[in-house]
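# 3D, please:
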Amino acid sequence: MNMSSTDCIFCKVANKELQTKIIFENEDFLAFNDIKPVSPTHLLVIPKKHYKNLWEVEDKELLGKLLHTAKEVAKQEGLKDGFRTVINTGDNGGQTVYHLHVHVLGGRFHKWPPG
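Okay, the predicted model is just below:
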């Protein structure tokens, strides 16, 4: 199931090679706390299969499931007052880890535009 890049830190998390507290896991995805949170709740939802970023994904069903998983994680974490989802893609998009992931941010008001 896990197709990974050997030097990808998120693949190592998905393959349980790096220890982190998993908040949510199913067959295709897992979620864990961001190590540099910018909100009281800042989780990352990743596919277990390696995709460099959003540009690489052609599977519409996977993308739908990824967002659905982000919603379920937000619900599980009690973000009933709202939350923000962010997918950074490429250098100019602010991507720093090249494994597709969704940031789930909550627990405070998030201004617009985000900066």
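
# residues contacting the residue most central in space within the chain?
The centre of the chain sits closest to V45, judged by Cα atoms, centre = their mean, with a distance of 2.6 Å. By Cβ atoms under 8 Å, 6 or more residues apart in numbering, the residues touching V45 are 24, 29-31, 66, 69-70, 73, 101-102, 104. C-beta: built from backbone N, CA, C; applies to glycine.

# if we use 10 Å, what do you get?
23-24, 29-32, 66-74, 85, 87, 100-104 (Cβ atoms under 10 Å, 6 or more residues apart in numbering).

# do the same with K71
45, 79, 83, 85, 102, 104.

# in a markdown table, list these along with pLDDT and secondary structure.
Output for those, formatted as a markdown table (pLDDT from 0 to 100; DSSP: H, G, I helix; E, B strand; the rest coil):
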| residue | pLDDT | secondary structure |
| --- | --- | --- |
| V45 | 98 | strand |
| L79 | 98 | coil |
| F83 | 97 | strand |
| T85 | 97 | strand |
| V102 | 98 | strand |
| V104 | 98 | strand |
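
# just the buried residues of the contacts of V45.
23-24, 29-32, 66, 69-70, 73-74, 85, 87, 100-104 (16 or more other Cβ atoms under 10 Å).

# only alpha carbons, please: show the longest helix along the chain as PDB.
Ranked by residue count and defined by DSSP state H, the top helix of the chain is helix 60-76. Extracted C-alpha coordinates of helix 60-76, given in PDB (Å, rounded to 0.1, in the frame of the first residue of the first chain):
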ATOM      1  CA  LYS A  60     -10.200  12.900  -8.100                       C
ATOM      2  CA  GLU A  61     -11.500  10.300  -5.600                       C
ATOM      3  CA  LEU A  62      -8.300  10.400  -3.600                       C
ATOM      4  CA  LEU A  63      -8.500  14.200  -3.400                       C
ATOM      5  CA  GLY A  64     -12.200  14.100  -2.300                       C
ATOM      6  CA  LYS A  65     -11.300  11.500   0.400                       C
ATOM      7  CA  LEU A  66      -8.400  13.700   1.500                       C
ATOM      8  CA  LEU A  67     -10.700  16.700   2.100                       C
ATOM      9  CA  HIS A  68     -13.300  14.500   3.700                       C
ATOM     10  CA  THR A  69     -10.600  13.100   6.000                       C
ATOM     11  CA  ALA A  70      -9.600  16.700   6.900                       C
ATOM     12  CA  LYS A  71     -13.200  17.400   7.800                       C
ATOM     13  CA  GLU A  72     -13.500  14.300  10.000                       C
ATOM     14  CA  VAL A  73     -10.300  15.100  11.800                       C
ATOM     15  CA  ALA A  74     -11.600  18.700  12.500                       C
ATOM     16  CA  LYS A  75     -14.800  17.200  13.800                       C
ATOM     17  CA  GLN A  76     -12.900  14.700  16.000                       C
END
